[in-house]
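Asker: Sequence and predicted structure, then a few things I'm wondering about:
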Amino acid sequence: MTAPPDVATDDAAVIEQSRHEPDRFAVIYDRYFPEIYRYVAARLGRDVADDIAAETFCAAFRKRDRFDPARGAVRPWLYGMATNLVGRHRRDERRRYAALARMAPEWRADGHESRVAARVAAEGVRPQLAGALAELSEGDRDVLLLVAIGGLRYEEVAQALEIPPGTVGSRMNRARRKVREALGGTDPTHAEEHFHG
Amino acid sequence: MDDMRDETTLVAALLDEGGPSRQVTAAGRERLLELARTADRPPARKARRWNGWLRGRRPLGLGLGLVAAAAAAAVAVAAVGSGGAAPTRPSGPGPREMVLAAAVQAERQADGRYLVTHVRNCHAEPVKAETGDYIVQPCHEIWQWRARDRADDSAVWTRDLPTRPQTSRDEALWRRAGAPRTFPSSQDPRALPDLYRTAPTKWKESRSDRNENSDRYVLQPSGRALTAEEVQNLPTDPKELEKLLAPRPSEGSPRDRRDSRLPTGPGQKIVEATLAVSELPLPPKVWAAFIRMLADTPGVRAVGRVADPIGRPGVALEAPRTAPGGGGTSMERAIFDPNTGALLATVSTTVRRGADDPAVFRPGTVEGYTVIVESRWTDGRPSRPADADDPRPGS
């Protein structure tokens, strides 16, 4: 069963079609599964993400007739759905940050991406960073990670979390300040130079 | 901007676990398609709005001064009727508000309060026939309950009503076509040749929606999420209420608004505002404010006494709404209960057909409607629709 290669390709139109042709929803899956997975995996780890990322699309499918283009685009809608599901796994998330704070870089389960994180670790900020994330309020952390991992713009975060854009801004400021404080003497700008260097 | 990026870059680098493996992607896709295969037959719900979203801009200059007797009457009646159970408040905070908030708080302790809503959605579906095209009207109902202040405690039931020819003229054409008992989807007749049926379905619980409620009530399209208490305490001042219901200006940048190709005209405001509150049992004073707010919108006019699509007497406001890109114009009507001010129904009727609309959509065609059959708070825990004949919920 593959989605027919026809007609409208606009996300909202695809969702609309999927109300009468459920298979069409696979188009949304193909477009967004990789990045939604990446977002969920960043928060809950890959094992849990296998299930939760897939469940995000099942949940979105079930709610497809409630998607309202007047409220925003499909992508933030999916991120909002994923964030809700992540919210049901707070314990897994806290555990992950605690583990990240403790782990030495080489303990990390393989990962083609672990070298990136290893660079961060090389900066010596990982325990502080993971600790700061663990201590953020859920709302602040949702905003920070939607921006940092999902790359959402503020107004998309607002749509995803169904909160005013102004609230997004203040949560983001607070989250960044806490992270910066947790980094202590480390100048993030400086760290970033190394990170990219 | 660089300054903006640094913490987020570090966080992203720390947490990044990479994308999905091919197997995980394939497994997730199969899981979704399995769900799609077993999905209930598609709901007719929202079809009207969908028609609407595809329509375009063409404001019509209807008189502003016609906001007349009916709305005023509705407002007056609503205001008089406000001695009911629901706590209301004067505009602006004060001691009274605090007392009332405390009362609501006390009430919450009693627990066991539920919201029950029953909504019917119908839309016009064009059917092609060699003996002459006609319109049938599929209708879908959703009955649901949710705990008032608790998440994860709710249920959703749905059913299809019989799909019938819309008017007597349509009925004659339907007979001439051999009185078929199934009708294709006009969107994709080949894939869905018998999507709509003259046979109704029984009430059936949507098990995947069981206990899916949050403890918030979302006002679309602004996306504001309110507690049940905040719903009861919505402003009774039309301007204040308007601010709460309006799509947040910053939410759609000019580019986003253009990309989403929303319909325009004062009727769009009727659609957006009624969508926001259509399933909420608001206190009469809030309904009064809601009616005033719409009635004060330039281009919206009152149309006096009408019956809603299921025959209940009401008073109505209406305004035109036009689709983007040379789309058609429809008249959007909101019908209110003259006694409580509560929204009974919204009805969308063709004024001028758009270039892409089927030829059978003549002016006056009812393109779709939503009827709020019921929306109320209740103390007893609901189980299933009253006329569901299966005694065991969900089976």
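Answerer: The structure has been received and is ready for your questions.
Asker: Quick one: mean pLDDT over stretch B:347-360.
Answerer: What stretch B:347-360 shows for mean pLDDT is 90.
Asker: can you give me the end-to-end distance of it?
Answerer: End-to-end distance for stretch B:347-360: 18 Å, by Cα to Cα, to the nearest Å.
Asker: Flag every buried residue along that stretch.
Answerer: Under the neighbour-count criterion of 16 or more other Cβ atoms under 10 Å in any protein chain shown, stretch B:347-360 has B:347-354, B:357-358, B:360 buried. Yep, even glycine has a C-beta here, placed from its N, CA and C like the rest.
Asker: Now those residues in CSV, please, with extra columns for distance to residue B:271 and secondary structure.
Answerer: Converted to CSV, the buried residues of stretch B:347-360 look like this (distance: Cβ to Cβ, whole Å; DSSP: H, G, I helix; E, B strand; the rest coil):
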residue, distance to residue B:271, secondary structure
B:347, 11, strand
B:348, 8, strand
B:349, 13, strand
B:350, 15, strand
B:351, 14, strand
B:352, 17, strand
B:353, 19, coil
B:354, 16, coil
B:357, 17, coil
B:358, 21, coil
B:360, 23, coil
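Asker: Save the residues you listed as CSV, and put in distance to chain A too.
Answerer: What follows is the buried residues of stretch B:347-360, written out as CSV (distance: Cβ to the nearest Cβ, whole Å):
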residue, distance to chain A
B:347, 19
B:348, 15
B:349, 21
B:350, 20
B:351, 21
B:352, 22
B:353, 20
B:354, 16
B:357, 16
B:358, 16
B:360, 19
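Asker: Rebuild those residues as JSON lines, extending it with distance to residue B:289.
Answerer: Shown next, in JSON lines, are these (distance: Cβ to Cβ, whole Å):
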{"residue": "B:347", "distance to residue B:289": "22"}
{"residue": "B:348", "distance to residue B:289": "24"}
{"residue": "B:349", "distance to residue B:289": "26"}
{"residue": "B:350", "distance to residue B:289": "31"}
{"residue": "B:351", "distance to residue B:289": "28"}
{"residue": "B:352", "distance to residue B:289": "32"}
{"residue": "B:353", "distance to residue B:289": "36"}
{"residue": "B:354", "distance to residue B:289": "34"}
{"residue": "B:357", "distance to residue B:289": "35"}
{"residue": "B:358", "distance to residue B:289": "39"}
{"residue": "B:360", "distance to residue B:289": "39"}
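Asker: and stretch A:147-159, does that touch chain B?
Answerer: Yes: using Cβ under 8 Å from any Cβ of the partner chain, stretch A:147-159 reaches chain B at A:147-149, A:155, A:158-159.
Asker: Can you spell out the domain ranges of chain A, please?
Answerer: Following automatic domain parsing, one gets these domains for chain A: A:1-88, A:117-197.
Asker: need the least confident one among those, by mean pLDDT.
Answerer: Taking the mean pLDDT of those, domain A:117-197 comes last: a mean of 76.
Asker: just how off-centre is it within its chain?
Answerer: On the basis of Cα atoms, centre = their mean, to the nearest Å, domain A:117-197 sits 12 Å off its chain's mean C-alpha point.
Asker: Now do the SS call for whatever residue of the stretch 51-200 of chain B ends up closest to chain A.
Answerer: The minimum distance from the stretch 51-200 of chain B to chain A, using Cβ to the nearest Cβ, falls at residue B:185 (5.1 Å). Here residue B:185 is recorded as coil under DSSP: H, G, I helix; E, B strand; the rest coil.
Asker: Show me the residue at the heart of the chain, geometrically.
Answerer: Because you didn't say which chain, this covers chain A. With distances taken as Cα atoms, centre = their mean, the residue of chain A nearest its centroid is residue A:39 (3.2 Å).
Asker: Chain B was what I was after
Answerer: Most central in chain B under Cα atoms, centre = their mean is residue B:275, positioned 4.4 Å from the mean C-alpha point.
Asker: shouldn't that one be in contact with residue A:68?
Answerer: Yes: between residue B:275 and residue A:68 there is a contact under Cβ atoms under 8 Å: 7.5 Å.
Asker: Please enumerate the strands of the stretch 151-300 of chain B.
Answerer: Remark: strands assigned in the stretch 151-300 of chain B by DSSP state E, counting those that start in this stretch are B:154-160, B:164-165, B:182-183, B:196-197, B:204-205, B:217-219, B:224-226.
Asker: is it possible to export those to CSV including mean neighbour count and distance to chain A?
Answerer: As requested, the strands of the stretch 151-300 of chain B are exported to CSV (neighbours: other Cβ atoms under 10 Å in any protein chain shown; distance: least, Cβ to the nearest Cβ, whole Å):
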stretch, mean neighbour count, distance to chain A
strand B:154-160, 20, 10
strand B:164-165, 18, 19
strand B:182-183, 18, 12
strand B:196-197, 22, 10
strand B:204-205, 19, 13
strand B:217-219, 19, 6
strand B:224-226, 17, 5
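Asker: Put together TSV for those, with mean pLDDT on each row.
Answerer: Shown next, in TSV, are the strands of the stretch 151-300 of chain B (pLDDT from 0 to 100):
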stretch	mean pLDDT
strand B:154-160	88
strand B:164-165	96
strand B:182-183	94
strand B:196-197	89
strand B:204-205	84
strand B:217-219	81
strand B:224-226	82
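Asker: Adding distance to residue A:80, write those out as a markdown table.
Answerer: Conversion of the strands of the stretch 151-300 of chain B to a markdown table gives the following (distance: least, Cβ to Cβ, whole Å):
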| stretch | distance to residue A:80 |
| --- | --- |
| strand B:154-160 | 19 |
| strand B:164-165 | 38 |
| strand B:182-183 | 36 |
| strand B:196-197 | 32 |
| strand B:204-205 | 25 |
| strand B:217-219 | 11 |
| strand B:224-226 | 11 |
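Asker: Which of the residues of stretch A:147-159 next to chain B fall within helices?
Answerer: Among the residues of stretch A:147-159 next to chain B, the members found in helices (DSSP state H) are A:147-148, A:155, A:158-159.
Asker: can you name the two of these that are farthest apart?
Answerer: The most widely separated members of these, counting by Cβ to Cβ, are A:148 and A:159 (17.4 Å).
Asker: residues contacting the residue nearest to the centre of chain A?
Answerer: Listed by Cβ atoms under 8 Å, 6 or more residues apart in numbering or on different chains, the contact set of residue A:39 reads A:79, A:82, A:145-146, A:149-150.
Asker: now swap in residue B:25 and tell me
Answerer: Neighbouring residues of residue B:25 by Cβ under 8 Å, 6+ apart: A:33-34, A:37.
Asker: For those residues, which single residue is the most surrounded?
Answerer: In terms of neighbours by other Cβ atoms under 10 Å in any protein chain shown, the contacts of residue B:25 top out with residue A:37 at 27 neighbours.
Asker: From residue B:123, how far out is that residue?
Answerer: Residue A:37 sits at a distance of 36 Å from residue B:123 (criterion: Cβ to Cβ, to the nearest Å).
Asker: Ok, residue B:175 next?
Answerer: 22 Å.
Asker: on that earlier part again, how close does the residue of the stretch 51-200 of chain B closest to chain A get to residue B:285?
Answerer: Taking Cβ to Cβ as the measure, residue B:185 and residue B:285 are separated by 43 Å.
Asker: Between those two, which is the more surrounded one?
Answerer: residue B:285 (24 against 19).
Asker: Was I right to think that one contacts residue B:236?
Answerer: Yes: the pair residue B:285 / residue B:236 is scored as a contact, 4.3 Å apart, by Cβ under 8 Å.
Asker: re the thing from before, of the ones in helices among the residues of stretch A:147-159 next to chain B, which is the most crowded?
Answerer: Most surrounded of these: other Cβ under 10 Å gives residue A:148, at 28 neighbours.
Asker: Now do the spatially closest residue to residue B:318 that is not a sequence neighbour against residue B:351, distance only.
Answerer: Closest residue in space to residue B:318, ignoring its immediate chain neighbours: residue B:333 at 4.0 Å, by Cβ to Cβ, 6 or more residues apart in numbering or on different chains. Separation of residue B:333 from residue B:351 (Cβ to Cβ): 11 Å.
Asker: just residue A:135 next, same as before
Answerer: Distance, residue A:135 to residue B:351, by Cβ to Cβ: 58 Å.
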